[in-house]
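Trainee: Here is my input; please provide its structure:
(one chain, ligands or ions: 1)
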Amino acid sequence: MKYYIYTYGCQMNEHESEKIAGIFEKLGYEKGDAAEKADVIAFNTCCVRENAERHAYGNIGALKQLKKARPEIVIAVGGCMTQQPGAAEKLRRTFPFVDVVFGTHNLPELGNMIMRRLETNKKVVEIAEGSAVSEGVPAVRNTYPNAWVNVMYGCNNFCTYCIVPYVRGREKSRASKDVIGEVRSLIGEGYKEITLLGQNVNSYGKDLEENTDFADLIDEICRIDGKFRLRFMSNHPKDFNEKMIKVIAKNNKVCNSVHLPLQAGSDRILKLMNRRYTAAEYLEKVRLLRKYVPDCALTSDVMVGFPTETEEDFQDTMRVVREAGYIGAFTFVYSRRTGTVADKMDGQVSDELKKDRIMRLVDLQNSLSREQSAGYEGKAVEVLCEDYDEKKNTYLGRDQYGKMCYFKCEKNLLGKFVTVKIADCSGISLYGNVINAE
Ligand code: SF4
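Mentor: Model prediction:
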């Protein structure tokens, strides 16, 4: 009996799909390589952008014939999309062949829901409100030597364009002993890079009784023995503070790489977005970060086409992107989301303008990324070997700054730290030769 999982959206969802896989394997299913051959199929959906939602609905619809031919298979739909008002009803009407619908907070009960469907042959729908921490759900990880670890769930920020607080609920931190325990066992199992996940990791601990925060948590994790790297995302510039910066500076295990989403460089737009910082405040944090961690690689999320954005606002964004000097950025156009404040704003920007601005932004960021790559030629960098491309007989991995590096070697290097001398930096990736391996 096989399972197959479709995953949409962010790393948080990727990690939750590892938990869905863990639940399926506990029920006795094995990982399959195609939905058509699976006995249970799960959709872990995202509703942050319209595209992801459309994609998921399209893929669910494509299973109609399969379900007709094999009515015994179980199709389960969960994740952020199902948590939106009216989503369960829409799924029932449009895709009556879906067997199980589970909300973001119901993931730990997914195993029971599948069993109930199999025993009763009745549709099972559970969508809980509020927020929850899922402890003790086994994860089947396919990302060795990297592993994701949740530190918190939900978000309290209500950026006006974002649906996340409505579908993921309020911030809920995991107890520090649970996070540290999970990281310790992953290091014991041989994982070499841990990424701590939360919608706003800098709020970690605010809701806990224990007296701790994200900087303390990082400090504690860095005390775990063994050679490993620590990354974390996502930060919110309003909460990213000097204490955090000092913790990055002092701990060698923390990568000198920070993802600090800007979103926009115009104060007027930032206010409309409810981001609660100005461009100058953002750049001041970047300055502070560079003071303590001069080689820190900075990445960002940058949006164009927020309602009422003018050419002048867009130029402010371009200026901050230039000044911040990102090594890379996720650039995207604003996407209307029903239920958010921005969706009701006047002055929605036309698709033509959005397209023109995103192209200019991407051009700028590409040239900044290329400039930074050029400085690598001839350098020896430490890379964690993360994957192997059989066809090209090439390994790939990243340095601590997140730069992707390709190299050849006869030995099996997966999961090893290697020193690579960079011979070529065409584009944004690096190509080199191994000069030393663990
Ligand atoms: S911080 Fe803002 S953008 Fe990020 S998840 Fe929360 S509301 Fe959404």
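
Trainee: count of residues packed around A249?
Mentor: Per other CB atoms under 10 Å, the neighbour tally for A249 reads 16. No exception for glycine: its C-beta is placed from N, CA and C like everyone else's.

Trainee: Provide the backbone phi and psi angles at the residue in the chain sticking out farthest from the centre.
Mentor: Residue farthest from the centre of the chain, counting by CA atoms, centre = their mean, is T120 at 36.4 Å. As for T120, its main-chain torsions (degrees, to the nearest 10) stand at phi -110, psi -20.

Trainee: Only C-alpha atoms, please: export stretch 53-63 in CSV.
Mentor: The C-alpha trace of stretch 53-63 is given here as CSV (Å, rounded to 0.1, in the frame of the first residue of the first chain):
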residue,chain,number,x,y,z
GLU,A,53,-4.3,27.7,-4.8
ARG,A,54,-5.1,27.4,-8.5
HIS,A,55,-2.4,24.8,-9.0
ALA,A,56,-3.8,22.7,-6.1
TYR,A,57,-7.4,22.8,-7.2
GLY,A,58,-6.2,21.8,-10.7
ASN,A,59,-4.3,18.8,-9.4
ILE,A,60,-7.2,17.7,-7.2
GLY,A,61,-9.6,17.9,-10.1
ALA,A,62,-7.2,15.8,-12.2
LEU,A,63,-7.8,12.9,-9.8
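
Trainee: now the strands for the stretch 201-350 of the chain?
Mentor: 229-233, 257-259, 297-304, 328-333 (DSSP state E, counting those that start in this stretch).

Trainee: list the buried ones in the longest one?
Mentor: Spelled out, it's strand 297-304. A297, L298, T299, S300, V302, M303, V304 (16 or more other CB atoms under 10 Å).

Trainee: Stretch 113-122 now?
Mentor: Of the residues in stretch 113-122, M113, I114, R116, R117 count as buried by neighbour count, 16+ other CB under 10 Å.

Trainee: Name the nearest of the residues you listed relative to the ligand.
Mentor: M113 (26.6 Å; CB to the nearest ligand atom).

Trainee: Look at the closest one and give its secondary structure.
Mentor: With DSSP: H, G, I helix; E, B strand; the rest coil as the basis, M113 sits in helix.

Trainee: Now do the residue lying closest to it once chain neighbours are set aside against N106, distance only.
Mentor: Leaving aside its sequence neighbours, M113 sits nearest to V124 (CB to CB, 6 or more residues apart in numbering; 4.6 Å). V124 sits 10 Å away from N106, taking CB to CB, to the nearest Å as the criterion.

Trainee: What of G58?
Mentor: To N106, G58 is 24 Å away according to CB to CB.

Trainee: out of these two, which sits in the busier spot?
Mentor: N106 (21 against 9).

Trainee: Tell me if that one really is in a helix.
Mentor: Yes: applying three-state DSSP, one finds N106 inside a helix.

Trainee: Quote the end-to-end distance of stretch 40-49.
Mentor: Start and end residues of stretch 40-49 are separated by 26 Å (CA to CA, to the nearest Å).

Trainee: follow-up on the earlier one: got a markdown table for the buried residues of stretch 113-122, with pLDDT and distance to the ligand too?
Mentor: Formatted as a markdown table, the buried residues of stretch 113-122 follow (pLDDT from 0 to 100; distance: CB to the nearest ligand atom, whole Å):
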| residue | pLDDT | distance to the ligand |
| --- | --- | --- |
| M113 | 97 | 27 |
| I114 | 97 | 29 |
| R116 | 97 | 32 |
| R117 | 96 | 32 |
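
Trainee: Give the residues shared as contacts by V124 and N106.
Mentor: Shared contacts of V124 and N106, defined by CB atoms under 8 Å, 6 or more residues apart in numbering, comprise M113.

Trainee: Give me the buried positions along stretch 242-256.
Mentor: M244, I245, V247, I248, A249, K253, V254, C255, N256.

Trainee: One more: stretch 307-322?
Mentor: So, applying 16+ other CB under 10 Å, buried residues of stretch 307-322: P307, E309, D313, F314, D316, T317, M318, V320, V321.

Trainee: what would these look like in TSV with pLDDT?
Mentor: Listed next are the buried residues of stretch 307-322 as TSV, based on pLDDT from 0 to 100:
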residue	pLDDT
P307	98
E309	98
D313	98
F314	98
D316	98
T317	98
M318	98
V320	98
V321	98
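
Trainee: what's the farthest-apart pair in those residues?
Mentor: P307 and V321 (20.4 Å; CB to CB).

Trainee: per-domain residue ranges of the protein.
Mentor: Residue ranges for the domains of the chain, per automatic domain parsing: 2-126, 143-255, 258-374, 380-437.

Trainee: In a markdown table: those, plus distance to V133.
Mentor: A markdown table is the format used below for the domains of the chain (distance: least, CB to CB, whole Å):
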| stretch | distance to V133 |
| --- | --- |
| domain 2-126 | 9 |
| domain 143-255 | 5 |
| domain 258-374 | 23 |
| domain 380-437 | 28 |
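
Trainee: Of all those, which one comes closest to V137?
Mentor: The nearest among those, by CB to CB, is domain 2-126 at 4.5 Å.

Trainee: Quick one: the strands in the stretch 1-150 of the chain, in order.
Mentor: Counting by DSSP E, counting those that start in this stretch, the strands of the stretch 1-150 of the chain are 2-7, 30-31, 40-45, 74-79, 100-102, 124-126, 146-150.
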